[in-house]
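Undergrad: Whatever this is, show me its structure:
(2 chains)
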Protein chains: 2
Amino acid sequence: MGEFSIGVDLGGTNLRAAAIDRDGKLIEKAATETNPEAGRDALLNEIVEFIRKLGSRVGAGQLAGVGIGVPGFIDMKRGFIVGSNNLPFFDNFPVRDEIQRRLGAPVVLENDANAAALGEKWIGAGKDVNDLVLLTLGTGIGGGIISEGRVLHGAVGMAGEVGHITVYPAGNPCGCGSFGCLEKYASATAVEAMAHLLHLGERATSEEVFKLAAGGDKLALMIWESVGRALGIALAALINIFNFPLYLLSGGMLPAWEFFAPPMEAEIQRRSFTYRHTSTSVAKATLANMAGLYGAAYLPFQAGHSD
Amino acid sequence: MGEFSIGVDLGGTNLRAAAIDRDGKLIEKAATETNPEAGRDALLNEIVEFIRKLGSRVGAGQLAGVGIGVPGFIDMKRGFIVGSNNLPFFDNFPVRDEIQRRLGAPVVLENDANAAALGEKWIGAGKDVNDLVLLTLGTGIGGGIISEGRVLHGAVGMAGEVGHITVYPAGNPCGCGSFGCLEKYASATAVEAMAHLLHLGERATSEEVFKLAAGGDKLALMIWESVGRALGIALAALINIFNFPLYLLSGGMLPAWEFFAPPMEAEIQRRSFTYRHTSTSVAKATLANMAGLYGAAYLPFQAGHSD
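TA: Residues are numbered from 1 along each chain as shown, chains lettered A, B, ... in the order given. I've put the predicted structure just below:
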């Protein structure tokens, strides 16, 4: 077989990896739990051994490189992770170069939401376009922007912080210091907080709020209506700013699409003449939690053909 | 002398052009009024003759090409102007190719705000960066986005519509069909509307509202405070989205900077941790109404070195 690369998703306590060929075909994958409390050096060893083991299972192909998606900002030039709450001991440490040295293969780091956006662009819902924005709806809301086929990083890798776009200037306070951030209205955490305020069961999860809505519960439906409106306001801004052909949503809240999509669509229609006058699609991402692995695996291939 | 290019600013009733060398040095410039009522063919002739005449005054240099900034969306691939209120008879007409044919020189079309952003990047306030967003505060609010040194166009040239970012979801209705658009709070038109509502003189212009503020008028100061807050909300969103190093403001309202900049800065501080944690500058553009001419002139040079 030909060239392959390995995409890695490095979370706070879990580690996933996939060996993928140049056509985007999955060859091997693996997952494990890590023990970050063992410290930096032990974790680095764990990561390198895990990647090496997966690579050895691939067989005769040639390893083009390793892409690693991490929750945090990436200083692309230096290969540093900056401000990751989950991996604090990697702050201001040459993670990329150290893994590269131990592994003896080219390594590219990328923010996990950016990697997911790139994965969707490569072989997911965005495979027919070159420009897209992905919003990841989880406990918070992250984002990745793909412009002309590549991740838009900004000056220090912090581009795509769409969860902190203001949707209601005098709205709910956010941990970031602002008020009315998108993620205070459209993350799973926000859905759960609204459910709590409306006394929808004891600590209802966003999945339970979805089920309540599916059963016709009026308050649950109101929550998804609110989610949709907030998403619509933010998406309209993104559409007005980028005029990209595609905006994708991913994350555990997608099952509730039927409830939040109509008000979302109505807000976008109202707030973006670009949307009304061009062919612009707002759609579900399709790779689920594989998007980040595919995107990370694509990075070494892309680096080989970059400017 | 060496190579030069000609940048053109084509307004509804006026036509400006400048011959500029590769180092951004102005060689010659000219301005005239056009008569759009004479029809498409007559206007095309006027434009071509005007450019030719300016070129002939330059002397021995070689013309690299002509860049034309126009108020409207540009279909870059086809070289069409789409939806220009000021030049309706150019809609769905091959403007670029027709001027190119008559002139016998390469022609590039660009939206006027995009051209201004590119001009500022080339030799203005953005000459030390590769990525910036320019907001043009006029009767409306336009924008141009420069990413990795080039204009970000989006799918059909409509990127950068920052004037229609929602800042107050339940705010003033806008001609675009939305509510609470930035330009309903921070354009010259918005300043004049606020002055009217506050009975600040008969049809006070934004310049008069500036003078009133300079004289200590409390209501005029409130207006600039409101302008600054709206700009801050939109700029914080842009900063969170792009993580670019520079955001520029241009237009006739810049003299009031001292009044609107402090509340603008306070909103950005509050609403963007990217702003608080990175080196991000929000500043005045420096080329005033020459920015568009410089940017348009830069286009043929850039096309010659593009990917």
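
Undergrad: For A:L212, which residues are in contact?
TA: Going by C-beta atoms under 8 Å, 6 or more residues apart in numbering or on different chains, A:L212 touches A:200-201, A:204, A:219-220. Where you see a C-beta, it was placed from the backbone N, CA and C, and this is true even at glycine.

Undergrad: Least confident of the residues you listed?
TA: Within the contacts of A:L212, A:G201 has the lowest pLDDT, namely 80.

Undergrad: tell me, how many neighbours does that residue end up with?
TA: 13 (other C-beta atoms under 10 Å in any protein chain shown).

Undergrad: who's in contact with it?
TA: A:195, A:208, A:212.

Undergrad: if you average pLDDT over stretch A:80-100, what comes out?
TA: 87.

Undergrad: Can I get it in PDB, CA atoms only?
TA: C-alpha atoms of stretch A:80-100 as PDB (Å, rounded to 0.1, in the frame of the first residue of the first chain):
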ATOM      1  CA  PHE A  80       3.100  25.100  21.400                       C
ATOM      2  CA  ILE A  81      -0.200  24.500  23.100                       C
ATOM      3  CA  VAL A  82      -1.400  27.700  24.700                       C
ATOM      4  CA  GLY A  83      -4.000  27.900  27.500                       C
ATOM      5  CA  SER A  84      -5.400  24.400  27.500                       C
ATOM      6  CA  ASN A  85      -7.400  23.800  30.700                       C
ATOM      7  CA  ASN A  86      -7.100  20.000  30.100                       C
ATOM      8  CA  LEU A  87      -3.400  19.800  29.500                       C
ATOM      9  CA  PRO A  88      -1.900  22.600  31.600                       C
ATOM     10  CA  PHE A  89       1.600  21.100  31.900                       C
ATOM     11  CA  PHE A  90       2.000  21.400  28.100                       C
ATOM     12  CA  ASP A  91       1.800  25.200  28.400                       C
ATOM     13  CA  ASN A  92       4.900  26.900  27.000                       C
ATOM     14  CA  PHE A  93       6.500  23.500  26.300                       C
ATOM     15  CA  PRO A  94       7.700  22.500  22.800                       C
ATOM     16  CA  VAL A  95       5.100  19.600  22.500                       C
ATOM     17  CA  ARG A  96       5.300  19.300  18.800                       C
ATOM     18  CA  ASP A  97       9.000  19.100  18.500                       C
ATOM     19  CA  GLU A  98       9.300  16.800  21.500                       C
ATOM     20  CA  ILE A  99       6.800  14.300  20.100                       C
ATOM     21  CA  GLN A 100       8.400  14.600  16.700                       C
END
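
Undergrad: quick one: the strands in the stretch 101-250 of chain A?
TA: For the stretch 101-250 of chain A, the strands defined by DSSP state E, counting those that start in this stretch occupy A:107-111, A:132-137, A:141-147, A:150-151, A:246-250.

Undergrad: list the buried ones in the last one?
TA: Neighbour-count burial for strand A:246-250, with 16 or more other C-beta atoms under 10 Å in any protein chain shown as criterion, is recorded at A:246-250.

Undergrad: so it versus strand A:141-147, what angle?
TA: 150 degrees (axes from the mean of the first three to the mean of the last three C-alpha atoms, to 10 degrees).

Undergrad: Direction included, what does strand A:246-250 pair against?
TA: strand A:132-137 (parallel), strand A:281-284 (parallel) (DSSP bridges).

Undergrad: low-scoring pLDDT stretches of chain A, where are they?
TA: A:1, A:304-307 (pLDDT under 70).

Undergrad: Domain parsing of it, as residue ranges.
TA: A:3-118+A:289-303, A:129-285 (automatic domain parsing).

Undergrad: tell me how far the ends of the shortest one are from each other?
TA: What that stands for is domain A:3-118+A:289-303. Domain A:3-118+A:289-303 stretches 14 Å from its first residue to its last (C-alpha to C-alpha, to the nearest Å).

Undergrad: so how far is it from its chain's centroid?
TA: For domain A:3-118+A:289-303, the separation from the chain centroid amounts to 15 Å (computed by C-alpha atoms, centre = their mean, to the nearest Å).

Undergrad: same deal with stretch A:226-242?
TA: For stretch A:226-242, the distance to the chain centre is 17 Å (C-alpha atoms, centre = their mean).

Undergrad: which residues does the nearest residue to A:N172 once chain neighbours are set aside contact?
TA: Excluding the flanking residues, the one nearest A:N172 by C-beta to C-beta, 6 or more residues apart in numbering or on different chains is A:K184, at 4.2 Å. The neighbourhood of A:K184, defined by C-beta under 8 Å, 6+ apart, consists of A:171-174, A:190.

Undergrad: try A:I165
TA: A:I165 makes contacts with A:181-182, A:234, A:237-238, B:237, B:240-241, as judged by C-beta under 8 Å, 6+ apart.

Undergrad: The residues you listed in helices, which ones?
TA: Using DSSP state H, the subset of those located in helices is A:234, A:237-238, B:237, B:240-241.

Undergrad: Tell me which of the domains of chain A is the most buried.
TA: domain A:129-285 (a mean of 21; mean count of other C-beta atoms under 10 Å in any protein chain shown).

Undergrad: Pull up the residues of the stretch 201-307 of chain A that are close to chain B.
TA: Contact residues (C-beta under 8 Å from any C-beta of the partner chain) of the stretch 201-307 of chain A with chain B: A:229, A:233, A:236-238, A:240-245, A:270-274, A:276-280, A:307.

Undergrad: do the stretch 1-150 of chain A as well
TA: A:83, A:131, A:143, A:145, A:147.

Undergrad: Hmm, A:E161 and the third one touching each other?
TA: Yes - the pair A:G143 and A:E161 passes the contact test of C-beta atoms under 8 Å, sitting 6.8 Å apart.

Undergrad: shared neighbours, these two?
TA: Joint contacts of A:G143 and A:E161 (C-beta under 8 Å, 6+ apart) are B:I241.

Undergrad: gap between the residue of the stretch 1-150 of chain A found nearest chain B and B:G39?
TA: For the stretch 1-150 of chain A and chain B, the shortest gap (C-beta to the nearest C-beta) falls at A:S147, measuring 6.3 Å. Remark: distance between A:S147 and B:G39 (C-beta to C-beta, to the nearest Å) = 39 Å.

Undergrad: Please give me every residue in contact with A:A125.
TA: With C-beta under 8 Å, 6+ apart, A:A125 has these contacts: A:246, A:248, A:283-287.

Undergrad: Among the domains of chain A, which comes closest to B:E120?
TA: Ranking these by distance to B:E120, with C-beta to C-beta as the measure, places domain A:129-285 first at 17.1 Å.

Undergrad: roughly how far is the closest one from the heart of the chain?
TA: Distance, centroid of domain A:129-285 to centroid of chain: 13 Å (C-alpha atoms, centre = their mean).
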